[in-house]
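> attaching a predicted model along with its sequence, questions to come.
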Amino acid sequence: MKRKRPLATPRLLGIVWPFIAVVLFQALLGCVSLYMLSAVRGYVAGESLWSKGQKDAIYYLNLYADSRDQAIFEKYQQAIRVPQGGHNLRLALDQSPPDLSAAREGILQGGNSPDDVTSIIWFYRNFRDFSYLDTAIQKWTVGDDYLVQLDTLAQEIHQKISANQATDADVKRWKANIFAINEAVTPAAKAFSDALGEGSRFIQQLLIFINLATALMLILLALLRTHKILAQRRAFAQALEVEKERAQVTLESIGDGVITTDVTGAIDYMNPAAELLTHWKAQQAQGVPLAALFKLLDENAQDDGFKLMDHILSGQLGNSSEHSKLIQRMDGSTVSVTLVGAPIFSAGKVSGSVLVLHDMTQERQYIANLSWQATHDALTGLANRREFEYRLDLVLQNLGRQHGRHALMFLDLDQFKLVNDTCGHAAGDELLRHICALLQSGLREGDTLARLGGDEFGILLENCPPDVAEKIAEGLRQTVQSLHFAWKGRPFLNTISIGLVHIHQAPVTLEGLLRAADMACYMAKEKGRNRVQVYHADDSELSLRFGEMAWVQRLHVALEENRFCLYAQEITPLGQDIEGGHIEILLRLHDESGHIILPDSFIPAAERYGLMTSIDRWVVENVFKVIAQCTALGSDQPMAMCAINLSGSTIGDDDFLAFLHEQFECYAVPPSRVCFEITETSAISNLGSAIRFINDLKALGCHFSLDDFCAGMSSFAYLKHLPVDFLKIDGSFVKDMLDDPINRAMVEVINHIGHVMGKRTIAEFVETPQIEQALIEIGVDYAQGYIIERPQLFTCDSLLCRPKRALPLPLAMKAPGTFR
């Protein structure tokens, strides 16, 4: 049973709604009454026109019998049309169903205003059996019968006069009949008018009675509502103390510091959180000026002259203008806080102020971690691709202003995939750490070493002559070759291919420079690996070999020959109360010899040379084909949602959005069964296009997932603008979270912020039961990795929902030998 609130603010609508209802009833009654009276007025006007038309018709017919003038007969016809219109109106409305079109024509023929047509028909249809109207219609019917007789006589007169056969005896007889009809029809018309008058007076009396009853009801309601308001006022007075106590307990329980002062700035109240922040006790601070509690410093720990009370009382510290400051306490220690303050008003005047202090220590630590993560690789601690390209771009900008010699190197480990495939990712990660340490030791101070992805590295040598750069590159190659790496007793020979580009003159574009280094590194591999290839713009062999072996041509051919294939990997819920597991669609390529190539090998080239939109179209169309085939089989088992990866260039392509709409319509795929995955980097770099793209497809019912979240992010603020449904926590945090407390903290932070924003979280690279158990403890919603399922060919069987997996037992309860 719902508990009644002890203090409820009375609402205006709750007080006045009965009065509004009665007033609306009166207004409605008045409108209906006026409408009804308007209809009666229309009938009265019609009766007047009917009587005038009847008298004119008798007059002109009598005159026509004497004069035998055709013009007089035409005036008779015009006069008789008015009462005939009333006759047609009555006949049309008495039909079943009524002929409304004929009724309108009859009303207009009878001479009534077009504005009265609707009300006359409404009144007739709804009050036909009303006693007064029924009496009037009976008299109307009698009058119409006489007019029919008159018109029949008129036609006889006209026929004989037109044939020149009328005699004096005929004229005398006709005039006698006309006089008889006139004497008979006049009482009927008067009776019709009297019946309408009696009805009008009855309606007036009825309305007076209803209005008096409504007024009495308003008086009773006013008495009842006033009694209730007085009772509520007494309840408010009794509940005020309870609410005050509740507010006091709430202030003492919240984590933010709350300080209230009087209008002069003297302390009135401090909650326990404020005591901890300021190192003052509330009793000691009572009456002390606010400025005496702490000193405000700027971000550089300098006194910025911030007039706190002035800013609070002027409203400059409202919620919309949060200020970050350092506060220096009396013992000299400092803490970072955000300040929010507002004046307290009483009777329209400022009576004091309230200041809220939020401790930013933990948030700043998270921000520092995220800022580092945005520019560094989580595995090796080196600069990442974004930071590397940023530094390289700065060098190119300076090159345009002052002459200098620099060098760029792309390094790619040879046969690194062999280590991963034979010994697993752990061995590959350990090898990468060793390689990074060796490469760093062979560089000068100030040189930039970055991990660009996978086993690919970049080095920027600033202010380095060509001969020195080539010597450094050769030294790095020999150092890596001399590394003796073994994993669980199995040794591996390690070599590296290096592409070197000299930078010594402008203009040079970032894209062109990266492509040149990539070409040189690619040729180093093509020429046998374990070598340094120096790029020369006029090297015909390099240009020719790269043109022959470039991925662009291979991907074009692969699309034409349909050598791509689709795999699926399950994404399973981690909580028993979470429904809706789904699968991620993975792309593979069969090369010319039939071997399967993973996307890491060709996706970078496809993205760089503008082929991703064509590949994404192929993926979408083939996924939709499989879904349509599975739907046609009519399986009783529900289908899983398909997650399809899209590139950044595809998101910004308006033609691709139109293509998606066509595919949904062509294959009749339910949009709710499709989830599009976009990477965080591509979403942020195309933020406007990404938001438009997502909103358009979400309107259809599609879902969206933000992939590799936090892998290269500069701010959580972007997440507020992306209406995605799922966050995929980057696997670099997940796979080492048990050994690295920072990675675990990152997973916890991302999961918490995702849930606060109403989004589901997905952890990638879940490869051990221990990691799965840790994710369950953190509260991550879904998991994806080899412990869940290895990628399988995408077929109808992949789409069928699997039975929900049993959650792993706590580690202490698992039997020996159950870990993979």
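Cool, the structure landed.
> what packs against the biggest strand by length in the chain?
Using DSSP state E, we find that the single longest strand of the chain is strand 334-346. With contacts taken as 3 or more Cβ pairs under 8 Å, 6 or more residues apart in numbering; DSSP states H and E, strand 334-346 sits against helix 308-313, strand 323-328, strand 349-359, helix 361-375. From N, CA and C alone the C-beta is placed, and that goes for glycine too.
> if we go to 6 Å?
For strand 334-346, the elements it packs on are strand 323-328, strand 349-359, judged by 3 or more Cβ pairs under 6 Å, 6 or more residues apart in numbering; DSSP states H and E.
> in its sheet, what does the shortest one sit against?
Its sheet considered, strand 323-328 pairs with strand 295-297 (antiparallel), strand 334-346 (antiparallel) by DSSP bridges.
> CSV for those, including mean pLDDT?
Below are the strands paired with strand 323-328 laid out as CSV (pLDDT from 0 to 100):
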stretch, mean pLDDT
strand 295-297, 78
strand 334-346, 81
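> which one of the helices and strands packed on strand 334-346 lies nearest to Arg128?
Of all these, strand 349-359 sits nearest to Arg128, with 68.9 Å by Cβ to Cβ.
> now that closest one, how far from the centre of its chain.
Centre-to-centre, strand 349-359 and its host chain are 35 Å apart (Cα atoms, centre = their mean, to the nearest Å).
> before we move on, what about stretch 137-156?
Computed by Cα atoms, centre = their mean, the chain-centroid distance of stretch 137-156 equals 72 Å.
> list the buried ones in that stretch?
Applying a neighbour-count criterion of 16 or more other Cβ atoms under 10 Å, one finds Ile137, Lys139, Trp140, Val142, Gly143, Asp144, Tyr146, Leu147, Leu150, Asp151, Leu153, Ala154 buried in stretch 137-156.
> same question for stretch 564-584.
Within stretch 564-584, the residues scored as buried using 16+ other Cβ under 10 Å are 564, 566-574, 581-584.
> for Asp577, helix, strand, or coil?
coil (DSSP: H, G, I helix; E, B strand; the rest coil).
> quick one, phi psi at it?
Dihedral pair for Asp577: phi -90, psi 10, per degrees, to the nearest 10.
> any idea how far it is from Gly779?
Distance, Asp577 to Gly779, using Cβ to Cβ, to the nearest Å: 11 Å.
> again, but for Tyr60
Distance, Tyr60 to Gly779, using Cβ to Cβ: 98 Å.
> compare neighbour counts for those two and give me the winner.
Neighbour tally, Tyr60 and Gly779, criterion other Cβ atoms under 10 Å: the higher count belongs to Tyr60, 23 against 13.
> tell me which residues in whichever strand or helix holds Gly106 are buried?
According to DSSP states H and E, Gly106 maps onto helix 100-109. Within helix 100-109, the residues that count as buried by 16+ other Cβ under 10 Å are Ala103, Arg104, Glu105, Gly106, Ile107, Gln109.
> give me the nearest residue to the third one, chain neighbours excluded.
By that I understand Glu105. Asn88 (7.0 Å; Cβ to Cβ, 6 or more residues apart in numbering).
> check which helix or strand that neighbour maps to.
Residue-wise, Asn88 maps onto helix 70-94 under DSSP H and E.
> which other helices and strands does that helix contact?
The contact analysis (3+ Cβ pairs under 6 Å, 6+ apart) places helix 70-94 against helix 12-67, helix 100-109, helix 131-162.
> any chance you could map the helices in the stretch 151-300 of the chain?
168-253, 272-278, 282-285 (DSSP state H, counting those that start in this stretch).
> chain center to the shortest one, what's the gap?
Mean-position distance between helix 282-285 and its chain equals 49 Å (Cα atoms, centre = their mean).
> and it, average pLDDT?
Averaged over helix 282-285, pLDDT sits at 81.
> residues of that helix that come out buried?
For helix 282-285, by 16+ other Cβ under 10 Å, it's Ala282, Ala285.
> any idea which helix or strand in the chain has the lowest mean pLDDT?
Among the helices and strands of the chain, helix 540-549 carries the lowest confidence by mean pLDDT, DSSP states H and E, at a mean of 56.
> which helix or strand lies directly C-terminal to that helix?
helix 551-560.
> which strands or helices does that following helix pack on?
Using 3+ Cβ pairs under 6 Å, 6+ apart, helix 551-560 is in contact with helix 599-608.
> mind checking what helix or strand follows the helix it packs on in sequence?
Per DSSP H and E, helix 599-608 leads on to helix 612-633 as the next helix or strand towards the C-terminus.
> ok, and what's touching that next one?
Residues external to helix 612-633 that are found in contact with it (Cβ atoms under 6 Å, 6 or more residues apart in numbering): 559, 564, 585, 606, 642, 644, 646-647, 649-650, 653, 656, 663, 667, 669, 796, 799.
> kindly recompute the last result at 8 Å.
For helix 612-633, the surrounding residues in contact (Cβ atoms under 8 Å, 6 or more residues apart in numbering) are 555, 559, 564, 566, 585, 587, 603, 606, 639, 642, 644-650, 653, 656, 659-660, 663-664, 666-669, 673, 794-796, 798-800.
> what are the buried residues along it?
For helix 612-633, burial by neighbour count (16+ other Cβ under 10 Å) applies to 612-613, 615-620, 622-624, 626-627, 630-631.
> ok, now stretch 375-393?
For stretch 375-393, the neighbour count (16+ other Cβ under 10 Å) marks 375-380, 382-389, 391-392 as buried.
> what of stretch 755-764?
Lys759, Arg760, Thr761, Ile762, Ala763, Glu764.
> reformat the strands paired with strand 323-328 as a markdown table; add distance to Ala176.
Output for these, formatted as a markdown table (distance: least, Cβ to Cβ, whole Å):
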| stretch | distance to Ala176 |
| --- | --- |
| strand 295-297 | 116 |
| strand 334-346 | 96 |
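> so which of those gets nearest Ala273?
Nearest to Ala273, of all the strands paired with strand 323-328, is strand 334-346, at 11.0 Å by Cβ to Cβ.
> by how many degrees do the closest one and strand 349-359 diverge?
With axes from the mean of the first three to the mean of the last three Cα atoms, to 10 degrees applied, the angle from strand 334-346 to strand 349-359 works out at 160 degrees.
> not counting strand 334-346 itself, show me its contacts.
By Cβ under 8 Å, 6+ apart, the surrounding residues in contact with strand 334-346 are 257, 260, 277, 297, 301, 308, 311-313, 315, 317-319, 322-329, 350-361, 364.
> could I have the buried ones of the residues you listed as ChimeraX selection syntax?
To isolate the buried ones among the contacts of strand 334-346 in ChimeraX, judged by 16+ other Cβ under 10 Å, type:
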select :257,260,277,297,308,311,312,313,317,325,326,327,328,352,353,354,355,356,357,358,359,360
